[in-house]
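*Asks:* Whatever this is, show me its structure:
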Amino acid sequence: TRTAVFAPFPDLRHIIICDEESLEYKAEDNPRLDTRAVAAIRARQTNASLTIISQSPRLESFQASQKFGAPIELSEPKPRDLEILDLAQEVRERGAVFCDRALLAMGNALANGKTVVIFQNRRGAGGSLQCRDCSYVFECPECNLPWTVHAQILKCHHCNRTVPIPLSCTACGGTRLKSAGAGTQRIESELRAQFPQARILRLDSDAPTVTASVLREAQIVIGTRLLIGRFRETFERLRPVGVVGIPLAEFVMSRGGFRASEYAHQWFTAIINIGLYFGARILIQTRNPENAVLQSVANGGYDFYNTELESRRTFNYPPFSRLTLLVYHAQMDPVRGRSPQGGRSRASGRAASNGMEAAATHEAERTAITLRAALEKDAKSEVVGPFVPTPGKRGGAHLRAILVKSPAGAPPPQELRSLPPEW
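*Replies:* Okay, here's the model as predicted:
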């Protein structure tokens with residue numbers, strides 16, 4: 001676990017970090033730490049060697065290896081059996097997730113006694129719920145994030161709140177509601193319709209734990225990132241794998257933030273390596289086959305790292321700077337918005353929430369002006385924002401964020417230590 005990096009060995013000689021790209025190495029709760037950074041500090045202090053093992057290392061690690069002349073080898077051979085299927089050109093039924101060529105490949109694998117593995121980085125039956133009349137997207141009131149459509153409910157995958165699927169639009173009253181996108185549950189339903197005799201298993205955090213015997217009997221396995229994390233544990237119990245597929249690559253490539261391309265590259269690389277491990281046919285469906293990340297994993301090599309590092313340098317993102325994210329929490333007064341009977345009225349609750357949102361915006365703008373005056377005078381630091389983070393609310397509190405870019409390797413500016421406790 002993360003705490004192992006603090007083990008008090010009297011004569012530490014070597015530190016090894018496996019799956020170095022994993023997000024699990026970074027703790028968001030107190031004490032906030034990045035195990036990889038702590039490992040590097042301990043290696044320097046004890047004169048120990050540090051080795052990282054990764055299918056697709058972070059750009060910080062790749063850049064450090066180039067800077068200090070440390071050898072690095074990427075297991076990225078050009079996959080011979082990778083096919084990128086352009087959904088704009090492929091034939092498929094109206095509203096279907098899979099094109100005919102993908103279904104044919106899966107059918108052939110099943111006929112030859114091989115397993116089909118499908119990766120989709122979204123749980124539920126669909127994506128967000130949207131009104132066809134006014135384009136309103138239904139959001140969780142606690143987080144301001146779109147609900148995810150499940151079989152009979154809407155669920156927030158951030159706070160786990162659930163509500164029944166509404167019959168009409170909150171904004172305009174219209175009844176023409178649609179689910180945008182597809183999650184693992186919808187993919188499971190479509191494949192059951194296409195292959196009614198196949199034994200289909202869905203592995204995500206909404207599915208129950210399965211036994212080894214169930215895994216061995218599965219003919220089609222559908223999973224999220226959870227399935228990649230359990231690669232050895234899960235796949236060594238499967239029969240030979242004939243097809244490894246990604247039905248909608250856009251769900252991976254549309255992630256926000258400056259690390260979006262890096263995360264997409266890691267996701268695709270992990271899945272392609274699973275396909276290579278089994279000698280399986282690898283199918284990726286997309287509406288954007290010319291995407292630079294897709295093309296880089298298809299061609300293999302270092303192109304992605306060199307291109308992405310140049311982009312990071314241009315826009316001053318890590319590893320060429322240090323980022324400090326400041327988040328302000330404007331908590332709504334629990335007394336406000338309550339009716340005389342002790343319940344919360346919808347109108348007064350909304351008014352109180354709007355007041356807290358305005359207060360959050362005002363405080364964030366005031367703080368950003370103060371920080372710019374203090375930090376940007378030496379042209380070494382940059383203040384970005386304020387902006388609404390994702391999610392925009394947490395536990396009823398409205399959030400506003402400011403991003404501070406400072407020189408790489410330097411500690412956070414001292415001015416940040418004097419901010420109010422709400423930050």
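
*Asks:* And the helices in the chain?
*Replies:* Secondary structure of the chain (DSSP state H): helices at 35-46, 59-67, 100-111, 184-194, 212-217, 225-229, 231-235, 250-253, 260-278, 292-299, 303-315, 346-375.

*Asks:* Looking at those helices, which is nearest to K155?
*Replies:* Of all those, it is helix 184-194 that lies closest to K155, at 10.9 Å by Cβ to Cβ. In this view, the C-beta of every residue, glycine as well, is placed from N, C-alpha and C.

*Asks:* Identify each buried residue in that closest one, please.
*Replies:* Buried positions in helix 184-194, judged by neighbour count with 16 or more other Cβ atoms under 10 Å: T184, Q185, R186, I187, E188, E190, L191, Q194.

*Asks:* end-to-end on stretch 156-175?
*Replies:* Taking Cα to Cα, to the nearest Å, stretch 156-175 runs 22 Å from one end to the other.

*Asks:* could the buried residues of helix 184-194 go into CSV alongside pLDDT and distance to R58?
*Replies:* Converted to CSV, the buried residues of helix 184-194 look like this (pLDDT from 0 to 100; distance: Cβ to Cβ, whole Å):
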residue, pLDDT, distance to R58
T184, 81, 27
Q185, 80, 32
R186, 82, 32
I187, 88, 30
E188, 88, 33
E190, 89, 35
L191, 93, 34
Q194, 92, 38
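
*Asks:* picking up where we left off before, mean pLDDT lowest where, among the helices of the chain?
*Replies:* Per-segment mean pLDDT for those reaches its minimum on helix 231-235, at a mean of 59.

*Asks:* where does the stretch 51-200 of the chain have low pLDDT?
*Replies:* 68-79, 122-127, 143, 151, 157-158, 180-181 (pLDDT under 70).

*Asks:* Please enumerate the strands of it.
*Replies:* For the stretch 51-200 of the chain, the strands defined by DSSP state E, counting those that start in this stretch cover 82-86, 115-119, 129-131, 148-149, 153-155, 162-164, 177-179, 200-203.

*Asks:* can you list these in CSV and add mean neighbour count?
*Replies:* Shown next, in CSV, are the strands of the stretch 51-200 of the chain (neighbours: other Cβ atoms under 10 Å):
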stretch, mean neighbour count
strand 82-86, 18
strand 115-119, 26
strand 129-131, 21
strand 148-149, 26
strand 153-155, 18
strand 162-164, 12
strand 177-179, 17
strand 200-203, 20
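
*Asks:* could the ones you listed go into a markdown table alongside distance to F6?
*Replies:* Converted to a markdown table, the strands of the stretch 51-200 of the chain look like this (distance: least, Cβ to Cβ, whole Å):
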| stretch | distance to F6 |
| --- | --- |
| strand 82-86 | 41 |
| strand 115-119 | 34 |
| strand 129-131 | 45 |
| strand 148-149 | 37 |
| strand 153-155 | 37 |
| strand 162-164 | 39 |
| strand 177-179 | 46 |
| strand 200-203 | 33 |
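
*Asks:* right, so of these, which gets closest to S22?
*Replies:* For S22, the closest of the strands of the stretch 51-200 of the chain is strand 115-119, at 16.7 Å, according to Cβ to Cβ.

*Asks:* List the strands paired with the closest one, with their directions.
*Replies:* With DSSP bridges as the test, strand 115-119 is paired with strand 220-223 (parallel), strand 241-246 (parallel).

*Asks:* Tell me what angle it forms with helix 184-194.
*Replies:* Using axes from the mean of the first three to the mean of the last three Cα atoms, to 10 degrees, one finds that strand 115-119 and helix 184-194 are set 150 degrees apart in direction.

*Asks:* Just the C-alpha atoms of strand 115-119, please, in CSV.
*Replies:* The C-alpha coordinates for strand 115-119 follow below in CSV (Å, rounded to 0.1, in the frame of the first residue of the first chain):
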residue,chain,number,x,y,z
THR,A,115,-13.8,-15.4,-24.9
VAL,A,116,-14.7,-11.8,-25.9
VAL,A,117,-13.6,-9.0,-23.5
ILE,A,118,-15.2,-5.6,-23.9
PHE,A,119,-14.0,-2.5,-22.0
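
*Asks:* On the strand side of things, show who A27 bridges to.
*Replies:* Residues in beta-bridge contact with A27 (DSSP bridges): L33.

*Asks:* give me every residue that touches it.
*Replies:* By Cβ atoms under 8 Å, 6 or more residues apart in numbering, the contact list for A27 reads R2, L33, D34, T35.

*Asks:* where's it relative to G396, distance?
*Replies:* Counting by Cβ to Cβ, to the nearest Å, the gap from A27 to G396 is 24 Å.

*Asks:* Repeat that for P413.
*Replies:* Distance, P413 to G396, using Cβ to Cβ: 31 Å.

*Asks:* Among those two, which residue is more densely surrounded?
*Replies:* Per other Cβ atoms under 10 Å, whichever of P413 and G396 has more neighbours is P413, with 18 against 15.

*Asks:* Can you pull the phi/psi pair for the more buried one?
*Replies:* Main-chain torsions, P413, degrees, to the nearest 10: phi -60, psi 140.

*Asks:* That one contacts L375, doesn't it?
*Replies:* Yes. At 5.7 Å, P413 counts as touching L375 under the criterion of Cβ atoms under 8 Å.

*Asks:* got any residues that touch both of these two?
*Replies:* With Cβ under 8 Å, 6+ apart as the test, P413 and L375 both reach S381, V404, S406.

*Asks:* Among these, which one lies nearest to N47?
*Replies:* Using Cβ to Cβ, S406 comes nearest to N47 of the shared contacts of P413 and L375, at 28.6 Å.

*Asks:* what about that closest one, neighbour count?
*Replies:* S406 has 19 neighbouring residues, counting by other Cβ under 10 Å.

*Asks:* My guess is it contacts P412. True?
*Replies:* Yes. Counting by Cβ under 8 Å, S406 touches P412, with 6.7 Å between them.

*Asks:* Could you give me the buried positions within stretch 403-420?
*Replies:* Neighbour-count burial for stretch 403-420, counted by 16+ other Cβ under 10 Å, picks out L403, V404, K405, S406, P413, L416.

*Asks:* mind listing which of those residues are in strands?
*Replies:* L403, V404, K405, S406 (DSSP state E).
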